[in-house]
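Enquirer: curious how this folds, go ahead:
(4 chains)
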There are 2 protein chains.
Amino acid sequence: MELKVVNDSRRAAYARGRMADFAARCRAAGLPVTPQRAAIIEALLRATDHPRAETICAEVRRRHPHVSLATVHRTLETLCRIGEARKVTTLHDSARYDGNLKPHHHVVCVRCRRIRDVEIAGLDTALGGAIRAPGFKPLGWSLEIQAVCDNCANSGERAGRSSETSGVGKTPHN
Amino acid sequence: MELKVVNDSRRAAYARGRMADFAARCRAAGLPVTPQRAAIIEALLRATDHPRAETICAEVRRRHPHVSLATVHRTLETLCRIGEARKVTTLHDSARYDGNLKPHHHVVCVRCRRIRDVEIAGLDTALGGAIRAPGFKPLGWSLEIQAVCDNCANSGERAGRSSETSGVGKTPHN
DNA sequence: TTCTCAGATGATAATTATTATCGTCCGGTA
DNA sequence: TACCGGACGATAATAATTATCATCTGAGAA
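Expert: Numbers count the residues shown, from 1 in each chain, chains lettered A, B, ... in the order given. Reported below is the predicted structural model:
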């Protein structure tokens, strides 16, 4: 297993490609293409540091000074919903605590947010040998598995939270 | 690689063991043992679902109705600081967004919170084959590597945020 | 091009989680 | 038993996010 920090020049080419058909992908999702949306995805694609809503808002305001922070929050969620962006971390809206000190990982139900501990034999050993990130001194890691629990799968009801789909894709990701 | 959901009976035994020397571990850390602290760690160890501060507070209040929610927050952070508990997720206090849709993972600096994308060749393939959590239908996963970036390592200054140590251990964890 | 309307936006209020403040209380040692 | 530093409870303050609502606009239809 080999770890590689993603480099910036390839990112820029990727960003150009994404911008090229952003409007088409918006319309395909049934959403009007507004200048705000274009500016926000552009700022997000230009950034290399996984910015917060407020950072993006500041960036966008350099060209569109009237844009509201609420719009940036809304738009970022929208972009996540249609698969144009991802939210890093936080399926949870509040901190969760764990008394289990043994090395383990977590399965989180994306609907009810229930969390269960899991042990994955071999993973920590494999990662421990593999993780040497240039520019970083690794301290530890955590794997979160996003899933739907049987309870939620059976009761066909959907969660009220919009973030069910916003942090998670159908394919392994993040 | 084999995934195993941690079972409850073993957890109960583990919890009893932890409670047995909690007072000693507190004093070893230089902290007085208060009834609140004991009640809070007990509630945390009894819970199987990685509760939030408010949930623990409600549980604790069944026996100690006077306990303040602020105390629960403070105490949970304290427990994390001395290594008696862990915070699940959230090295971040606000949502971070990512425009990169290609499968990848993240390295996060525990001091400055900077995030970089990393690709770990082989990991997703290995996990994709391994993850079959009973009771859950997996959708995806995310690996977060906690680290100190070179910038922060050089400038010896410590982060103001208390959570540098609260979510991360010296050994691979979570 | 103009009309029309669902949905987007901006301004602002409200909500939620968490942390800070401060006066009082108490665990643990002398 | 007295003392002291830290912990506690009550409450205010802060920070991030979401809701509300009146207005505006993108984009398809006429």
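Enquirer: what about the closest residue to residue A:61 other than its chain neighbours, is that helix, strand or coil?
Expert: By the measure of C-beta to C-beta, 6 or more residues apart in numbering or on different chains, the closest residue to residue A:61 outside its immediate chain neighbours is residue A:67, 5.7 Å from it. No exception for glycine: its C-beta is placed from N, CA and C like everyone else's. Three-state assignment for residue A:67 (DSSP: H, G, I helix; E, B strand; the rest coil): coil.
Enquirer: so residue A:67 sits against residue A:39, correct?
Expert: Yes. Counting by C-beta atoms under 8 Å, residue A:67 does reach residue A:39; the two are 7.2 Å apart.
Enquirer: name the residues contacting each of these two.
Expert: Shared contacts of residue A:67 and residue A:39, defined by C-beta atoms under 8 Å, 6 or more residues apart in numbering or on different chains, comprise residue A:60.
Enquirer: residue A:80: neighbouring residues, count only.
Expert: Residue A:80 is flanked by 21 other residues according to other C-beta atoms under 10 Å in any protein chain shown.
Enquirer: what's the offset of the longest strand along chain A from the middle of its chain?
Expert: Criterion DSSP state E: the longest strand present in chain A is strand A:136-149. The chain centroid and the centroid of strand A:136-149 are separated by 13 Å under C-alpha atoms, centre = their mean, to the nearest Å.
Enquirer: helices of chain A, start to end?
Expert: Assigned by DSSP state H, chain A shows helices spanning A:8-20, A:22-28, A:35-46, A:53-61, A:69-81, A:123-130, A:150-154.
Enquirer: go through the fourth one and flag the buried ones.
Expert: This points to helix A:53-61. Neighbour-count burial for helix A:53-61 flags A:53, A:55, A:56, A:57, A:59, A:60, A:61 (criterion: 16 or more other C-beta atoms under 10 Å in any protein chain shown).
Enquirer: what of the first one?
Expert: Within helix A:8-20, the residues that count as buried by 16+ other C-beta under 10 Å are A:11, A:14, A:15, A:18.
Enquirer: mind giving me CSV with the residues you listed and columns for distance to chain B and pLDDT?
Expert: Shown next, in CSV, are the buried residues of helix A:8-20 (distance: C-beta to the nearest C-beta, whole Å; pLDDT from 0 to 100):
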residue, distance to chain B, pLDDT
A:11, 7, 82
A:14, 7, 89
A:15, 7, 90
A:18, 7, 92
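Enquirer: just those residues now: which is nearest DNA strand D?
Expert: Proximity of the buried residues of helix A:8-20 to DNA strand D (C-beta to the nearest atom of the strand) peaks at residue A:18, which lies at 17.2 Å.
Enquirer: which residues touch that closest one?
Expert: The contact partners of residue A:18, taken as C-beta under 8 Å, 6+ apart, are A:41, A:45, A:84, B:99, B:101.
Enquirer: can we see that at 10 Å?
Expert: By C-beta atoms under 10 Å, 6 or more residues apart in numbering or on different chains, the contact set of residue A:18 is A:25, A:41, A:42, A:44, A:45, A:84, B:99, B:100, B:101.
Enquirer: how close does the third one get to residue A:79?
Expert: Pointing back at residue A:42 there. 11 Å (C-beta to C-beta, to the nearest Å).
Enquirer: and these two? Which one has more around it.
Expert: Ranked by neighbour count (other C-beta under 10 Å), residue A:42 and residue A:79 place residue A:79 first, with 24 against 19.
Enquirer: can you tell me the closest non-neighbouring residue to the more buried one?
Expert: Distances taken as C-beta to C-beta, 6+ apart put residue A:85 closest to residue A:79, at 4.0 Å, once the chain neighbours are dropped.
Enquirer: what's the neighbour count on the one you found?
Expert: Neighbours around residue A:85, by other C-beta under 10 Å: 23.
Enquirer: repeat that for residue A:78.
Expert: Using other C-beta under 10 Å, the number of residues around residue A:78 comes to 19.
Enquirer: which residues does it contact?
Expert: A:26, A:29, A:31, A:37, A:40, A:71, A:84, A:85, A:162, A:166.
Enquirer: do the same with residue A:7
Expert: A:48, B:117.
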